[in-house]
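# curious how this folds, go ahead:
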Amino acid sequence: MKTLYLVRHAKSSWEEPGVSDADRPLIPKGLKKTQLIVDFLLKRETKIDLMISSPAVRAYETAKLVAAGLDYPLNKIKTDRKIYDGYYDRILDIIYGTSNEVNSLMIFGHNPTITNLANLFLHPGIEMMPTSCVVCLSFNTDRWEDIPASEAIQEFVITPKLLK
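Numbering: from 1, shown residues only. Alright, predicted model coming up:
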């Protein structure tokens, strides 16, 4: 069984003049809402074998918050530019290329790409993943590269708003 978690980064600031898109920081509201998600994941006794994040500050900082909450080593969070570039097929390459020793994979990305990726597996799909949203899917396979031939099982779609 393989479990895939797709996470949209926490709420970030558009108010920083001169800060590039990749360097936009999280805002306190984003930190608070992500903690609600971490608490939810802890109640489900979530264990992650591998976390991969977009290198953008807002995604990587979200990954660090979730990692700290789930006791995942911060120095083991990988980054991959393909997640930031905006093409879900590049993220699929990452997923399908993941070592089969990894059973649970968490990817931190951006809209609209992360929603489009989730909707490849969700039926019916969702309109948009809000910030800090997590989509959890499981696949009855032992190989990441066999996911296209496996039926996706929607474990949950959780947003901070649903946890209030």
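
# state the mean pLDDT of the longest helix seen in the chain.
Ordering each helix of the chain by length in residues (DSSP state H) puts helix 28-43 first. Mean per-residue pLDDT for helix 28-43: 95.

# and that helix, what other elements does it pack with?
Helix 28-43 sits against helix 57-70, with contacts defined as 3 or more C-beta pairs under 8 Å, 6 or more residues apart in numbering; DSSP states H and E. (Each C-beta comes from the backbone N, C-alpha and C, glycine too.)

# by how many degrees do the helix it packs on and helix 28-43 diverge?
Angle, helix 57-70 to helix 28-43, by axes from the mean of the first three to the mean of the last three C-alpha atoms, to 10 degrees: 40 degrees.

# and after helix 57-70, which helix or strand comes next?
strand 78-79 (DSSP states H and E).

# tell me which residues are up against the longest helix of the chain.
Outside of helix 28-43, the residues within contact range by C-beta atoms under 8 Å, 6 or more residues apart in numbering are 9-12, 26, 58, 62, 65-66, 69-70, 131-132, 134, 158, 160, 163-164.

# stretch 66-76 too?
With contact meaning C-beta under 8 Å, 6+ apart, stretch 66-76 is reached by 7, 34-35, 37-39, 41-42, 46-48, 50-51, 64, 77, 106, 108.

# for PyMOL, what selects the buried ones among those residues?
Here is the PyMOL selection string for the buried members of the contacts of stretch 66-76, based on 16 or more other C-beta atoms under 10 Å:
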select buried, resi 7+34+35+37+38+41+46+48+50+51+64+77+106+108
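
# residue boundaries of the strands in the protein?
Using DSSP state E, the strands of the chain run over 2-8, 50-53, 78-79, 104-109, 134-139, 152-158.

# as JSON lines, those with distance to Leu120 and mean pLDDT would be great.
Formatted as JSON lines, the strands of the chain follow (distance: least, C-beta to C-beta, whole Å; pLDDT from 0 to 100):
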{"stretch": "strand 2-8", "distance to Leu120": "10", "mean pLDDT": "98"}
{"stretch": "strand 50-53", "distance to Leu120": "17", "mean pLDDT": "98"}
{"stretch": "strand 78-79", "distance to Leu120": "22", "mean pLDDT": "98"}
{"stretch": "strand 104-109", "distance to Leu120": "13", "mean pLDDT": "98"}
{"stretch": "strand 134-139", "distance to Leu120": "10", "mean pLDDT": "98"}
{"stretch": "strand 152-158", "distance to Leu120": "8", "mean pLDDT": "96"}
